[in-house]
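Student: the following block contains a protein sequence and its predicted model.
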Amino acid sequence: MGHRDTPRDNDPRLLFVYGTLRRGSDSLMAERLASEATYVGPATVPGVLYDTGRFPGCVPSADPEQRVHGEVFALHADTAVALLTQLDQYEGYAPDARYGSLFVRARIMVRFEDDSEQAAWIYHYNEPLGGARVIPSGDWMQR
């Protein structure tokens, strides 16, 4: 059995955030995440970022050139389940009713600035986009 630094794909210990959960956000849940998880660094994921008005929504993209910018946090083993449960509620995600959820928590490969990749959780936007505007930079902080 070799030592692995990457989390098991079915249970990533990393979380990628791209909007109201990023550091510097005025959201109370962002403060909780920052205090209960460890900031790892900036990263990107494949996707398109939309401005829904109150918050951003990331939608997966098959185009590797379309990237969404955000931050990665490492969840602590002893509090990960409780924190993810709280984040699921914050993001309007019901695991047993994913089709009616505002966001859906999914696994994705995040790419760090050194081009390394690791599995992480992400909340993908799950509602019709309607009049949502694309954020061309893919960065909520640069909208």
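Tutor: Received the coordinates, thanks. All figures in this text were calculated on a predicted structure; none of them were measured in a lab. Numbering: from 1, shown residues only.
Student: contacting residues around the residue lying closest to A37 once chain neighbours are set aside?
Tutor: In this structure, A37 finds its nearest non-sequential neighbour in F73, 4.0 Å apart by CB to CB, 6 or more residues apart in numbering. Every C-beta, even on glycine, is put in place using the N, C-alpha and C of the backbone. Residues near F73 by CB atoms under 8 Å, 6 or more residues apart in numbering: L14, L15, V17, L33, A34, A37, T38, Y39, V40.
Student: any idea what the second one is bridged to?
Tutor: Beta-bridge partners recorded for L15 (DSSP bridges): F73, W121.
Student: show me what contacts it?
Tutor: Neighbouring residues of L15 by CB under 8 Å, 6+ apart: L33, A37, V72, F73, A74, L75, L84, L87, A120, W121, I122.
Student: the last one: how many residues sit nearby?
Tutor: Applying other CB atoms under 10 Å, we find 25 residues neighbouring I122.
Student: pretty sure it contacts V59?
Tutor: No: using CB atoms under 8 Å, I122 makes no contact with V59, being 10.9 Å away.
Student: can you tell me which of the contacts of L15 lies nearest to S101?
Tutor: The closest of these to S101 turns out to be L87 (CB to CB; 12.6 Å).
Student: quick one: the helices in the chain, in order.
Tutor: Listed in chain order, the helices of the chain (DSSP state H) span 28-36, 80-90.
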